[in-house]
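*Asks:* sharing a model prediction with you, sequence too.
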Amino acid sequence: MEQWQGIWVVGETAPGGVAPVTLELMSKGRLLADKLGTDLSVVLIGHGVGALAEGLGAHGADRVYVADHPELADFADEPYARILADLAARERPEVILAGATATGRGFIPRVATLLETGLTADCVDLDVDPADRILRQTRPAWGGNLMATIVCPDRRPQMATVRPNVFRAAKPEPGRRAEVVPVAVDEAQLRRGIEVLEHVETEASGGLREAEIVVTAGRGVGPGEGLELLRRLCELVGGELAATRAVTDAGWLPHRCMIGQTGETVAPRLYMGFGVSGAMPHVVGMQGAEIVVAVNKDPKAPIFDLATYGIVGDVHEILPVLVERLRGRKDSA
Amino acid sequence: MKIVVCIKQVPDEKTVRFDPEKGTLIREGTAAVINPLDLHALEAGVQLREAVGGEVIAVSMGPPQAEEALREAISRGADRGVLLSDRAFAGADTLATTYALHLAVGRLGPVDVVLCGRQTSDGDTAQVGPGLAARMDVPCVAGVTRVEPVDGGAALRVHRPREGGYDVVQVRLPCVLTVAAELNSPRVPSLKGKMAAKKAEIPVWTGADLGADPGRLGMAGSPTRVVETFVPSFDARREMLEGSPEAQVEALLERLRAAGVLAR
Ligand SMILES: Cc1cc2nc3c(=O)[nH]c(=O)nc-3n(C[C@H](O)[C@H](O)[C@H](O)COP(=O)(O)OP(=O)(O)OC[C@H]3O[C@@H](n4cnc5c(N)ncnc54)[C@H](O)[C@@H]3O)c2cc1C
Ligand SMILES: Cc1cc2nc3c(=O)[nH]c(=O)nc-3n(C[C@H](O)[C@H](O)[C@H](O)COP(=O)(O)OP(=O)(O)OC[C@H]3O[C@@H](n4cnc5c(N)ncnc54)[C@H](O)[C@@H]3O)c2cc1C
């Protein structure tokens, strides 16, 4: 087991650079590496990704492995998994962290299977005891109604995925350098059964996940007038409209607006919930918000337990006043 | 087309309660149902069969009562069901689960498509589909929102979700797909289906039937251990804003402006 050393983060790219989730994982990975007295490495797989490697030193990487090949331009689970699993079998990291994104969820379980090791999904907390070097991985199960702490004591690497917006990225340290290690890719690794025919964009980039202000419709808002007012509110404050599962299940807003264990995880500066009860499966997706505002007619609603500011009231009375006040200020400004 | 649909029986979320003291699920009074997304996987399988012909086989690993879930799958259009049940399977994490499922798929002969839910409502890892595909050494497309056969069923064209949109992906057979709820609306059991379900013989396969290495099954074959479970709680940090709606709104706006999240 001592031959397995070092923390790895699986890098992901976004238009214009490294994905935020990679920087978030690197800040946690750096803490874990320091605690264990070991190195932090990032693995970049794709095409044209080499250009991003240099910059990762400033974010805490000691080493960046780069597997760059034209055939890796589109994500495909088989080659991505083989390349990462082969590299890990050779270099023997003790921990591999990856984003629980569409890509990460698509190929990281494959890597764990190829390596015959454990993988913990959607962790919200990671810690390590330097004495036994075992990663304590805490994750929601049952939609977040239950938290479980999971370990992988006897096999390496210890693998975990983490959703975007769960950890905070650290401030970069300009001038800090990483060693860049090119990774050779061979034909056998590139073999695959899928072909990407077309990319279809349906949303502006960022969207809910990167919003500074999130306005959430709960069942208490209802399908009609209330939703219209929430849309107006979003325009006035520059927020993104989100929903609970009760609202998306009812078809009042599309599925992609859902926040929570089954939906998106957000960590905005401001979260405003209207007619949201605050059920755990919803709360796990928004508890990272800096300021939480809740409007609910039931003073016992659980959302008030984590609200920074709570208003007991009917959304159909509060919302018109709120929109009117904000609009009044805009017009007079 | 030979289609396998993987089905997990889970406690019905409408009946589940949690014990905040012990940090566990309260088992009494829970009803067992098919994992909601697996109904969408089943529907996808039945639609594929309707389009190109073939057979839909529902497979579940679980305790003896999971037979009920397989009968329900037949009532909703599966041709037959196979139950993987053995004490040795108990306590399986996703690695041990995919080991058993992979052996079962192998025993069913050459399979063209394996359909899974993207994730379950209890364990909720979304790891079983991709892990199973790794063992089969076939591609997996996760969380698909559309599936259509092309070239008379020689390949499938699917929509794969991605940040900000989706990809149209052509996938060769055999393959594994995990499905999202947006894919389809599961049909309700038909009368004919219910009759077939009642009469169906559901074979039970054990570890020995699968030719499994006992060290790779269940708890013994699971590298992960749950060391603690707890019901999460929060430090109350609330300030309740009192008064008329106007006063409440005014107090709120004042605080949000002071915090700098709203323009002054
Ligand atoms: C496995 C699993 C996964 C899940 N995943 C998610 C998830 O990802 N996201 C998610 O959101 N949910 C999820 N859920 C569902 C979750 O448990 C809750 O059912 C859901 O969040 C409730 O939505 P809600 O708060 O809008 O509705 P409700 O719980 O029905 O609450 C409505 C609230 O509105 C208030 N209200 C009603 N009328 C008014 C009014 N006129 N003015 C003011 N207040 C009013 C009521 O007092 C009540 O508190 C999941 C559940 C399970 C079991
Ligand atoms: C609190 C808790 C936390 C856990 N955390 C982890 C963890 O982090 N890592 C880990 O490896 N295991 C974990 N497990 C164990 C995990 O729940 C089991 O391995 C389970 O057998 C399969 O995982 P899942 O429910 O997450 O399935 P998912 O991967 O979410 O299921 C996806 C699909 O796979 C198919 N499928 C899943 N199970 C079966 C089955 N038994 N029979 C037929 N088809 C099936 C279904 O089509 C399903 O929709 C945890 C269990 C608990 C109770």
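*Replies:* Thanks, I have it. Residues are numbered from 1 along each chain as shown, chains lettered A, B, ... in the order given. Ligands and ions are numbered 1, 2, ... in the order given.
*Asks:* contacts, neighbours, all on C-alpha from now
*Replies:* OK.
*Asks:* avg pLDDT for the longest helix along chain B?
*Replies:* In chain B, with assignment by DSSP state H, the single longest helix is helix B:36-52. On average, the pLDDT along helix B:36-52 is 98.
*Asks:* check which element follows that helix along the chain.
*Replies:* As assigned by DSSP states H and E, the chain's next helix or strand after helix B:36-52 is strand B:55-61.
*Asks:* neighbouring strands for that next one, and are they parallel or not?
*Replies:* strand B:2-6 (parallel), strand B:80-84 (parallel) (DSSP bridges).
*Asks:* and those: which comes nearest ligand 1?
*Replies:* strand B:2-6 (18.5 Å; C-alpha to the nearest ligand atom).
*Asks:* and residue 202, how many neighbours?
*Replies:* Answering for chain A, as no chain was given. Counted with other C-alpha atoms under 10 Å in any protein chain shown, the neighbours of A:Thr202 add up to 11.
*Asks:* oops, chain B please
*Replies:* B:Ile202 has 16 neighbouring residues, counting by other C-alpha under 10 Å.
*Asks:* same check on A:Arg82?
*Replies:* A:Arg82: 22 neighbours (other C-alpha under 10 Å).
*Asks:* can you list the residues of the stretch 1-150 of chain A near chain B?
*Replies:* A:77-78, A:102-103, A:105-107, A:109-114, A:116-122, A:141-143, A:145-150 (C-alpha under 8 Å from any C-alpha of the partner chain).
*Asks:* check contacts around A:Leu97.
*Replies:* A:Leu97 makes contact with A:7-10, A:25, A:29, A:159-162, according to C-alpha atoms under 8 Å, 6 or more residues apart in numbering or on different chains.
*Asks:* what does A:Val111 give?
*Replies:* Contact analysis of A:Val111 by C-alpha under 8 Å, 6+ apart lists A:81-82, A:84-85, B:134.
*Asks:* show me which positions of stretch B:51-60 end up buried.
*Replies:* Residues of stretch B:51-60 classed as buried: B:55-60 (neighbour count, 16 or more other C-alpha atoms under 10 Å in any protein chain shown).
*Asks:* ok, now stretch A:174-194?
*Replies:* A:177-178, A:180, A:183, A:185, A:190, A:192-194.
*Asks:* contacting residues around the closest residue to A:Gly238 other than its chain neighbours?
*Replies:* Using C-alpha to C-alpha, 6 or more residues apart in numbering or on different chains and skipping residues adjacent in sequence, the residue nearest A:Gly238 is A:Ile213, 7.0 Å away. Applying C-alpha under 8 Å, 6+ apart, we find A:Ile213 in contact with A:237-240, A:268-272.
*Asks:* if we use 10 Å, what do you get?
*Replies:* By C-alpha atoms under 10 Å, 6 or more residues apart in numbering or on different chains, the contact set of A:Ile213 is A:234, A:237-241, A:266-272, A:289, A:291, B:261-262.
*Asks:* please apply the same query to A:Ser27.
*Replies:* By C-alpha under 10 Å, 6+ apart, the contact set of A:Ser27 is A:21, A:33, A:40, A:59-61, A:167-172.
*Asks:* make it 6 Å
*Replies:* A:Ser27 makes contact with A:169-170, according to C-alpha atoms under 6 Å, 6 or more residues apart in numbering or on different chains.
*Asks:* that one belongs to a helix?
*Replies:* Yes. Under DSSP: H, G, I helix; E, B strand; the rest coil, A:Ser27 falls within a helix.
*Asks:* so which of the strands paired with strand B:55-61 is nearest ligand 2?
*Replies:* Of all those, strand B:2-6 sits nearest to ligand 2, with 3.9 Å by C-alpha to the nearest ligand atom.
*Asks:* and that closest one, what's buried?
*Replies:* Buried residues in strand B:2-6 (16+ other C-alpha under 10 Å): B:2-6.
*Asks:* what of stretch B:104-113?
*Replies:* Under 16+ other C-alpha under 10 Å, the buried positions of stretch B:104-113 are B:104-105, B:111-113.
*Asks:* and if you look at stretch A:89-99?
*Replies:* A:92-99.
*Asks:* make TSV from the strands paired with strand B:55-61 and add mean pLDDT and distance to A:Val295 to it.
*Replies:* Shown next, in TSV, are the strands paired with strand B:55-61 (pLDDT from 0 to 100; distance: least, C-alpha to C-alpha, whole Å):
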stretch	mean pLDDT	distance to A:Val295
strand B:2-6	98	42
strand B:80-84	98	48
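*Asks:* in a markdown table, list those strands along with distance to A:Arg256.
*Replies:* Converted to a markdown table, these look like this (distance: least, C-alpha to C-alpha, whole Å):
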| stretch | distance to A:Arg256 |
| --- | --- |
| strand B:2-6 | 25 |
| strand B:80-84 | 34 |
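*Asks:* take the buried residues of stretch B:51-60 and write them to TSV, including pLDDT and distance to ligand 2.
*Replies:* Below are the buried residues of stretch B:51-60 laid out as TSV (pLDDT from 0 to 100; distance: C-alpha to the nearest ligand atom, whole Å):
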residue	pLDDT	distance to ligand 2
B:Glu55	98	17
B:Val56	98	14
B:Ile57	98	12
B:Ala58	98	9
B:Val59	98	6
B:Ser60	98	4
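*Asks:* does A:Arg110 touch B:Ala133 like I think?
*Replies:* No. Counting by C-alpha atoms under 6 Å, A:Arg110 stays clear of B:Ala133, with 7.4 Å between them.
*Asks:* ramachandran angles for B:Asp137?
*Replies:* The phi/psi pair for B:Asp137 (degrees, to the nearest 10) reads phi 60, psi 50.
*Asks:* please disregard the earlier target; I meant A:Gly37.
*Replies:* Main-chain torsions, A:Gly37, degrees, to the nearest 10: phi 60, psi 40.
*Asks:* relative to A:Gly29, how far out is it?
*Replies:* As for A:Gly37, its distance to A:Gly29 is 12 Å (criterion: C-alpha to C-alpha, to the nearest Å).
*Asks:* who does the closest residue to ligand 2 within chain A bridge with?
*Replies:* At 3.3 Å from ligand 2, A:Thr120 is the closest residue in chain A, using C-alpha to the nearest ligand atom. Under DSSP bridges, the beta-bridge partners of A:Thr120 are A:Ala160.
*Asks:* check contacts around A:Val183.
*Replies:* A:66-67.
*Asks:* try it again at 7 Å.
*Replies:* A:Val183 is in contact with A:65-67, counting by C-alpha atoms under 7 Å, 6 or more residues apart in numbering or on different chains.
*Asks:* might one say that B:Glu228 is in contact with A:Thr149?
*Replies:* Yes. With contact defined as C-alpha atoms under 7 Å, B:Glu228 and A:Thr149 form a contacting pair (5.1 Å).
*Asks:* more neighbours: which of those two?
*Replies:* In this view B:Glu228 and A:Thr149 are compared by other C-alpha under 10 Å, and A:Thr149 has more residues nearby, 20 against 13.
*Asks:* the closest residue to the more buried one other than its chain neighbours in helix, strand or coil?
*Replies:* Setting aside the residues directly before and after it, A:Thr149 is nearest to A:Thr138 in space (C-alpha to C-alpha, 6+ apart), at 4.2 Å. At A:Thr138 the chain is in strand, as set by three-state DSSP.
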